[in-house]
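A.B. asks: curious how this folds, go ahead:
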Amino acid sequence: MSYLYNNQRIDITLPIAGISINKRRMAISHHQGKSYIEFANNADMQGFMQWLKGQA
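C.D. replies: Numbering: from 1, shown residues only. The predicted model follows:
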């Protein structure tokens, strides 16, 4: 599945093994490796997390 944020496509393959968050940066460990995202603000990060919950 893909998520588009600030014209950047983030590819994430289920199942997700883990999520690491540091301030506005997020690393997602999944079946095909890791994806890294840096959000502009906390609201954007929370919106992504809500989207991610809906995909599971």
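A.B. asks: in this structure, where is pLDDT below threshold?
C.D. replies: Counting by pLDDT under 70, the chain shows low-confidence ranges at 56.
A.B. asks: for it, which segments are assigned as strands?
C.D. replies: Secondary structure of the chain by DSSP state E: the strands cover 2-5, 8-11, 16-22, 25-30, 33-38.
A.B. asks: M45 is nearest to which of the ones you listed?
C.D. replies: Closest to M45 of the strands of the chain is strand 25-30 (C-beta to C-beta; 6.6 Å). The way it works is simple: take the backbone N, C-alpha and C, and place the C-beta from them, glycine included.
A.B. asks: the closest residue to Q8 other than its chain neighbours and S29: what is the separation?
C.D. replies: Excluding its sequence neighbours, the residue lying closest to Q8 (C-beta to C-beta, 6 or more residues apart in numbering) is I37, at 7.8 Å. In this structure, I37 and S29 are 13 Å apart, going by C-beta to C-beta, to the nearest Å.
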